[in-house]
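S.K.: model the following, please.
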Amino acid sequence: MERENELKVNYRRNRAITLIALVITIIILLILAGVVINFVINGGILDKARTCNK
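M.R.: Prediction:
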């Protein structure tokens with residue numbers, strides 16, 4: 001019985017760590033996407049591309 005309780009605690013701990021890692025990964029991806037979108041819109045990359053074709 002004690003071994004079973006120990007396994008349950010380890011499973012919950014591992015699941016919690018995995019969930020935290022997933023949330024952190026999503027937050028980092030959202031930050032990176034925001035930086036890239038900001039750079040493309042305000043950085044003038046689209047305008048430079050338009051003038052390059054002409």
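S.K.: can we go C-alpha only for contacts and neighbour counts from here?
M.R.: Noted.
S.K.: for this structure, what helix or strand is lowest in average pLDDT?
M.R.: helix 45-53 (a mean of 75; mean pLDDT, DSSP states H and E).
S.K.: now the helix or strand hosting N38: average pLDDT?
M.R.: Using DSSP states H and E, N38 sits in helix 2-42. Per-residue pLDDT over helix 2-42 has a mean of 85.
S.K.: what is the burial count for L46?
M.R.: Close neighbours of L46, defined as other CA atoms under 10 Å, add up to 13.
S.K.: and it, how far from L32?
M.R.: L46 sits 19 Å away from L32, going by CA to CA, to the nearest Å.
S.K.: got the contact list for the least confident helix or strand of the chain?
M.R.: Identification of contacts with helix 45-53 by CA atoms under 8 Å, 6 or more residues apart in numbering yields F39, V40.
S.K.: go again using 10 Å as the cut-off
M.R.: The contact list for helix 45-53 (CA atoms under 10 Å, 6 or more residues apart in numbering) reads F39, V40, I41, G44.
S.K.: then that helix to CSV, C-alphas only?
M.R.: Output of helix 45-53 as CSV, limited to C-alpha atoms (Å, rounded to 0.1, in the frame of the first residue of the first chain):
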residue,chain,number,x,y,z
ILE,A,45,10.7,44.9,-43.9
LEU,A,46,7.4,44.9,-45.9
ASP,A,47,8.2,48.4,-47.3
LYS,A,48,11.7,47.4,-48.2
ALA,A,49,10.4,44.3,-50.0
ARG,A,50,7.9,46.4,-51.9
THR,A,51,10.5,48.9,-53.1
CYS,A,52,12.9,46.2,-54.0
ASN,A,53,10.6,44.7,-56.6
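S.K.: any idea how far that helix is from the middle of the chain?
M.R.: From the chain centre to the centre of helix 45-53 is a distance of 30 Å (CA atoms, centre = their mean, to the nearest Å).
S.K.: perfect, that will be all.
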